[in-house]
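J.: what's the 3D shape of this:
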Amino acid sequence: MSDLYINARLTIPSSELGITAARSSGPGGQNVNKVNSKITLRWSPRKCTLIDPAWRARFLSRNANRINREGELVLHSERYRDQPRNLADARQRLVELLLDCREPAKQRKKTRPTLGSKRRHKEAKTQKSQKKQNRSMRFDG
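T.: The predicted model follows:
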């Protein structure tokens, strides 16, 4: 198995990735009972020294529910009927998870409502109030 290329700054060596195969429950008919096509990919982000510490912290916080007690990220793939495609799928999902949290989230800039939006909001409230006042029954008597 080759190293996993993430981007120009990060390539995960194949020695850090653990791969096991098992029988799949997915499509394949009788083939499912005979062939180990399900792939389980394991990677320990805490032990990886190549990844930037801030990037690692973002990855760990966003994917905490996918990381087990041993600190390993576990990805299963049984989408396809053959092992190589499931392996490629699991590796691609790991790349996407890492690239998804590469950059920190942008800080939100506080904004204020415009004068026009304040005016329109007030007019809408007045119209709604007037509509409800018109619905009330008045007995002049």
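
J.: what residue is smack in the middle of this protein?
T.: Centroid check for the chain by CA atoms, centre = their mean gives Leu97 as the closest residue, at 6.6 Å.

J.: where's that residue relative to Val35, distance?
T.: 27 Å (CB to CB, to the nearest Å). C-beta coordinates here come from the backbone N, C-alpha and C atoms, glycine included.

J.: repeat for Lys106
T.: 46 Å.

J.: so the two - more neighbours on which side?
T.: Ranked by neighbour count (other CB atoms under 10 Å), Lys106 and Val35 place Val35 first, with 15 against 6.

J.: now the helices: where do they sit in the protein?
T.: Taking DSSP state H as the test, the helices found in the chain are 53-62, 83-100, 115-135.

J.: quick one: which of these is nearest Ser15?
T.: helix 83-100 (14.6 Å; CB to CB).

J.: pLDDT on that closest one, on average?
T.: Mean per-residue pLDDT for helix 83-100: 93.

J.: gap between that helix and the chain center?
T.: Centre-to-centre, helix 83-100 and its host chain are 13 Å apart (CA atoms, centre = their mean, to the nearest Å).

J.: buried residues in that helix, which are they?
T.: 83, 86-87, 89-91, 94-95, 97-98 (16 or more other CB atoms under 10 Å).

J.: residues contacting the residue nearest to the centre of the chain?
T.: 59, 63, 66, 73 (CB atoms under 8 Å, 6 or more residues apart in numbering).
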